[in-house]
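A.B. asks: just need the structure, nothing else, for what follows:
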Amino acid sequence: MDREDNATSNTFMLNAKFLLILFVVIANCIEPLIQQSAAFHSLYLGIYTFHIPMFVMVTGYFSKNFRLDVPGIKSLQMIFYHYLIFQSLYSLLDSLAFHAPGVRYSFFIPYSLLWFLFSHFCWRLLLLLFTKMQHPLVVSVILGVLVGYAPFTGTLLSFSRTLVFFPFFLAGYYFHLDMIPKQFVRMNKWLSVIGLLGVLFFLNSTPLDPKWLYSSFTYKELGAFHWYTGAYRLGVYALEIIASFYFLSFVPRKQSILTEWGKYTVYVFLLHAFITKTAISMGLFSYIHTFTQLTLVLLFAVAITWLLLQDWVRRFSRPLIEPDLSFWERWISRKHSI
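C.D. replies: The predicted structure follows:
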C-alpha cells in the first residue's frame, strides 16, 4: 500500500474513531433511560452491535507498527498508566459519590469502561504471538467462542472481553481501505439505513439479552450453559459484522474536522464518565420523561463529546492524560548501572 493509500486509510479510520467515541458517549448517556423509552432501548442495542467491535478494530488498525521495541514498550507503559490512574480515580469517586450498583473495587476487575484499557494492553501482547500464526483470525474466533465455557467469571481481568473482541483487533491490524469492495463503497446510503433498520427490527423481535453484546459474561453467567451455546456467540459475531459494515458505509473518507477530533478521542474516553456518572448519581435522569427531554439527552451527549475535544480542555487535562513518562527510562537505566 503506497503512501497516498495509507493516508486515505488513516483519514478514514480517524473519522470512524470520532464517530465511534460519539456513540460511546451516547450509549452511556441513554443507558439509564432504556427501561422507560422503547426508542432509546432500540437505539442502545443498535449501538452495541457495532460500537465496541468497531472501536476495537480501529484500535487494532493504529497498532500496526507495534513491536516490543522502545516505542512499543512506551505505548504499553502509557496504557498501563492510564489504567492505574483512572482505575484508582473512578473507584475512589464511586465509593465517595457515584455508588454505582454491583461495583467491586479491585485492580483485577476493571471499573466500567476501563476494561478497554486492560484488554488493549493484552491485545498488543497477543499480536506478537498471533501475527506469527497461520490463519490467526480463525484461531482468534475459536478462542472467542471457547472462552464462554470458562468456569470462572468473565469480568476477572477483563478475560472474556479480551478474547471475544480480539478477532476485531486482529481485523483492524490487517485492515486497509482497499479491502472494502467498491460496490459496497458506492452503495446507496438509503440501503444502509434500511439494513440498520433491519438490524434494529431483529433486535426488537428477538429476546436478545444485552449481556451477549457486552461479551463480559461466560455462558454460565448468561444462563445458557449448553454444549452448543458457542453457536450463539457465532451468531452474535455475524450480527456485529453486519451492523459494522453498515456503520462503515457512513464514515466519510475525506479529511475534515472529524479527522482532527479523531486524534484526541482518548480525552473523551477517559473523562466523559466523570460527567455522566455525576449526572446519574445526582438523580438528574429521573426527571427525563418527555420526547423533548429525551432529545435533550442526545444533545447533551453530543455536547459532552464536543466539549472534551476542545483545545483548552486538552491543555488543562494533558498532564494527567499525556504525562511525560521518561522517568521510567531514567529509573531503569539507574537500576542497570548499579
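A.B. asks: please pull out the lowest mean pLDDT helix or strand from the chain.
C.D. replies: helix 326-337 (a mean of 56; mean pLDDT, DSSP states H and E).
A.B. asks: where does the stretch 151-300 of the chain dip in pLDDT?
C.D. replies: 180-188 (pLDDT under 70).
A.B. asks: strands along that one, start to end?
C.D. replies: Under the criterion DSSP state E, counting those that start in this stretch, the stretch 151-300 of the chain contains no strands.
A.B. asks: all helices for it, in order.
C.D. replies: 159-164, 166-174, 182-185, 189-205, 211-214, 230-248, 257-262, 265-281, 291-308 (DSSP state H, counting those that start in this stretch).
A.B. asks: what residues sit buried inside the second one?
C.D. replies: Of the residues in helix 166-174, those with enough neighbours to count as buried (16 or more other CB atoms under 10 Å) are 166, 167, 168, 169, 170, 171, 172, 173. Using the backbone N, CA and C atoms, a C-beta is placed for each residue, glycine as well.
A.B. asks: residues contacting the last one?
C.D. replies: Spelled out, it's residue 173. 60, 61, 63, 64, 127, 131 (CB atoms under 8 Å, 6 or more residues apart in numbering).
A.B. asks: could you find the closest non-adjacent residue to the second one?
C.D. replies: Which is residue 61. Once flanking residues are discounted, residue 61 sits nearest to residue 172: 4.0 Å by CB to CB, 6 or more residues apart in numbering.
A.B. asks: okay, that neighbour and residue 285: tell me how far apart.
C.D. replies: As defined by CB to CB, to the nearest Å, residue 172 lies at a distance of 34 Å from residue 285.
A.B. asks: so which strand or helix has the residue nearest to residue 298 when sequence neighbours are not counted?
C.D. replies: Computed as CB to CB, 6+ apart, the closest residue to residue 298 that is not its neighbour in sequence is residue 26, at 6.5 Å. If you go by DSSP states H and E, residue 26 is part of helix 3-30.
A.B. asks: now do that helix: which elements does it pack against?
C.D. replies: If you count contacts as 3 or more CB pairs under 8 Å, 6 or more residues apart in numbering; DSSP states H and E, helix 3-30 packs onto helix 38-48, helix 51-61, helix 257-262, helix 265-281, helix 291-308.
A.B. asks: who touches the longest one?
C.D. replies: By CB under 8 Å, 6+ apart, the list of residues contacting helix 291-308 from outside reads 21-22, 25-26, 28-30, 33, 37, 39-40, 267-268, 271-272, 275-276, 285, 287-288, 313.
A.B. asks: so where is the stretch 1-150 of the chain shaky, pLDDT-wise?
C.D. replies: Across the stretch 1-150 of the chain (using pLDDT under 70), the flagged ranges come out as 1-5.
A.B. asks: count of neighbours near the residue nearest to residue 196 when sequence neighbours are not counted?
C.D. replies: Nearest residue to residue 196 in three dimensions, chain neighbours excluded: residue 246, at 4.9 Å (CB to CB, 6+ apart). Counted with other CB atoms under 10 Å, residues neighbouring residue 246 total 23.
A.B. asks: check the one 4 residues further on too.
C.D. replies: Residue 250 has 13 neighbours, counted by other CB under 10 Å.
A.B. asks: correct me, but the residue nearest to residue 196 touches residue 200?
C.D. replies: No. Residue 246 is not in contact with residue 200 according to CB atoms under 8 Å; the separation is 10.7 Å.
A.B. asks: ok, residue 220 to residue 319 distance?
C.D. replies: In terms of CB to CB, residue 220 sits 44 Å off from residue 319.
A.B. asks: coming back round to it: take the helices of the stretch 151-300 of the chain and lay them out in JSON lines including distance to residue 110.
C.D. replies: Shown next, in JSON lines, are the helices of the stretch 151-300 of the chain (distance: least, CB to CB, whole Å):
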{"stretch": "helix 159-164", "distance to residue 110": "9"}
{"stretch": "helix 166-174", "distance to residue 110": "16"}
{"stretch": "helix 182-185", "distance to residue 110": "35"}
{"stretch": "helix 189-205", "distance to residue 110": "26"}
{"stretch": "helix 211-214", "distance to residue 110": "13"}
{"stretch": "helix 230-248", "distance to residue 110": "21"}
{"stretch": "helix 257-262", "distance to residue 110": "24"}
{"stretch": "helix 265-281", "distance to residue 110": "12"}
{"stretch": "helix 291-308", "distance to residue 110": "21"}
